[in-house]
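> I need the structure of the sequence given here:
(one chain, ligands or ions: 1)
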Amino acid sequence: MLAIEGLNQYYGASHTLRDVTLSVDRERIFCLMGRNGVGKTTLLNSVLGLLPASGGSITLAGEHIEQLPTEERVGRGIAYVPQGRMIFPELTVMENLNVALAGRRRRGKELPEQIFEFFPVLAEMADRRGGDLSGGQQQQLAIGRALVLEPKILLLDEPCEGIQPNIVQLIGDVIQRLRREQKISVLLVEQKLPFARAVADDFAIMDRGQIVAQGAMDELSDALVEEYLTV
Ligand SMILES: Nc1ncnc2c1ncn2[C@@H]1O[C@H](COP(=O)(O)OP(=O)(O)OP(=O)(O)O)[C@@H](O)[C@H]1O
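The predicted structure is shown next:
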């Protein structure tokens, strides 16, 4: 579904992504792990085209997208929920969702009903300002807004950060339903090991800009956890 090959990225003289190669297969939940500052967010931003990559290729469903502007990549089916959620605090919940309609591949003014089934709180709070929601509610809004795009693949950057356990559980359930019911693939950046183990099929570990291990989630060994993930 999404294949990244030999991707490099620099912030000035600092070489942040080093020959990154990974692929998120169709209908799989792929978790990218690693300590703070190793380059996980930089990788997601490069996939979206928010940061220029130098060299390497990115393909979505077999088509090269590495030269396309961000809005084209979104139009081809990549939706991104960044760290910090980036909802519009002055707009209502409904307005936040409607903003995403403009970026959709298939034109149409209807929000997908399933968003409100996944996250009932978004219907209950439809007229509230985004900035008045709790962190957990904002995260549901951010994921709901990404789903308005009806993506092929959803990129989630630490969706559970600072969120209470029952909402973490809900988000985990939604991720799995998206894969099962809508055939959406997910590229998840996550530091919480129990959550990652519970929801993901595949993993990769990043260290100082390089992928140092990858495989099926049930192959993630204690030795790898100790070496690359324990803080
Ligand atoms: N805009 C920037 N300019 C220069 N260096 C940056 C910039 N953004 C990030 N970096 C550096 O690039 C490296 C990778 O950062 P990145 O945010 O991708 O890591 P991360 O693995 O996502 O970490 P975290 O879990 O803390 O979000 C870090 O050393 C960081 O300091």
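> Just the element for Q169, please.
If you go by DSSP states H and E, Q169 is part of helix 165-182.
> just V47 next, same as before
Per DSSP H and E, the secondary structure element for V47 is helix 40-48.
> which residues sit in contact with S54?
Going by Cβ atoms under 8 Å, 6 or more residues apart in numbering, S54 touches 8-10. Heads up, the C-betas are built off the backbone N, CA and C, glycines and all.
> hmm, I was thinking of L60
Residues in contact with L60 (Cβ under 8 Å, 6+ apart) are 1-2, 73, 76-78, 152-153.
> hmm, try it at 7 Å
Going by Cβ atoms under 7 Å, 6 or more residues apart in numbering, L60 touches 2, 76-78.
> Report the beta-bridge partners for it.
L2, E63 (DSSP bridges).
> so what's L178 closest to, chain neighbours aside?
Distances taken as Cβ to Cβ, 6 or more residues apart in numbering put I184 closest to L178, at 4.4 Å, once the chain neighbours are dropped.
> what's the neighbour count on the one you found?
Using other Cβ atoms under 10 Å, I184 has 22 neighbouring residues.
> L154 is in contact with that one, correct?
Yes. Taking contacts as Cβ atoms under 7 Å, I184 lies within contact range of L154: 5.7 Å.
> returning to what we had before: could you pull up phi and psi at the residue nearest to L178?
The main-chain torsion angles of I184 are listed as degrees, to the nearest 10 and equal phi -90, psi 140.
> and the gap between L22 and the ligand?
As defined by Cβ to the nearest ligand atom, to the nearest Å, L22 lies at a distance of 14 Å from the ligand.
> Low-confidence stretches in this structure?
Using pLDDT under 70 as the threshold, the predicted model of the chain has low-confidence ranges 107.
> The ligand contacts on the protein?
Proximity of the chain to the ligand is assessed by Cβ under 6 Å from any ligand atom, with 11, 16, 34, 36-42 identified as the residues in range.
> before we move on, the earlier item: can you pick the most crowded of the contacts of L60?
Neighbour counts for the contacts of L60 were taken using other Cβ under 10 Å; the highest belongs to I78, which has 27 neighbours.
> Quick check: nearest residue in space to it, chain neighbours excluded?
I153 (5.6 Å).
> wait, that neighbour sits on Q182?
No. Assessed by Cβ under 7 Å, I153 is found out of contact with Q182, at 11.3 Å.
> now for the helix or strand that the helix holding Q169 is followed by, which elements pack on it?
The C-terminal neighbour of helix 165-182 among helices and strands, as given by DSSP H and E, is strand 185-189. Under the contact definition 3 or more Cβ pairs under 7 Å, 6 or more residues apart in numbering; DSSP states H and E, strand 185-189 sits against strand 29-33, helix 40-48, strand 153-157, helix 165-182.
> Right, I'll call it a day here.
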